[in-house]
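S.K.: Predicted model follows, preceded by the sequence.
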Amino acid sequence: MADGKYEIDGPGLVAIVQRYETASTESKKWETHRVHGDIQVIYSGQEFIGYARRDELSVKTPYLPEKDAEFYEPPAVSVSQLLLPAGSFTVFLPHDAHQPGVMIDQPEALVKVVVKFRL
């Protein structure tokens, strides 16, 4: 499928097809969502996704309802990095701050589908 947003069951359940290149952790944003959860599925390539609890981070950009996103300063606390190779997935809920798109050893092409489900 081409990159883009596809409704599965109306606006409350959509799939977003993405192709991008992973990059350094310093260049990637930390985010959470309030209305939707994410199921992030890796189809090709691999990436790290940073994980931290939302309440451990400081807000950088307050909640933007039109994007259903809030962005955070890089964490001052120890965080987890989830390794997601092709064929794997992870689920994020509103209390889960996450930082997708982080390269492992070097930048790499990635194909991912993010399924957003209304909570």
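M.R.: Perfect, thanks for sending it. Numbering: from 1, shown residues only.
S.K.: Can you tell me the centre-most residue of this protein?
M.R.: The chain has residue 100 as the residue nearest its centroid, 4.3 Å off, counting by Cα atoms, centre = their mean.
S.K.: out of everything not next to it in sequence, what's closest to it?
M.R.: Taking Cβ to Cβ, 6 or more residues apart in numbering, and ignoring the residues beside it in sequence, residue 100 has residue 49 as its nearest neighbour in space, at 4.9 Å. Any C-beta I mention is one placed from the backbone N, CA and C, and that applies to glycine too.
S.K.: now do residue 46
M.R.: Computed as Cβ to Cβ, 6+ apart, the closest residue to residue 46 that is not its neighbour in sequence is residue 85, at 4.3 Å.
S.K.: What is the burial count for the one you found?
M.R.: For residue 85, the number of neighbouring residues by other Cβ atoms under 10 Å comes to 11.
S.K.: My read is that it contacts residue 44, right?
M.R.: No - here residue 85 does not reach residue 44: they are 9.6 Å apart, not a contact under Cβ atoms under 8 Å.
S.K.: Contact partners for the closest residue to residue 113 other than its chain neighbours?
M.R.: Closest residue to residue 113 in three dimensions, ignoring its sequence neighbours and counting by Cβ to Cβ, 6+ apart: residue 41, at 4.7 Å. With contacts defined as Cβ atoms under 8 Å, 6 or more residues apart in numbering, the neighbours of residue 41 are 88-89, 112-115.
S.K.: Name the residues linked to residue 41 by a beta bridge.
M.R.: The bridge-partner assignment for residue 41, based on DSSP bridges, gives residue 89, residue 113.
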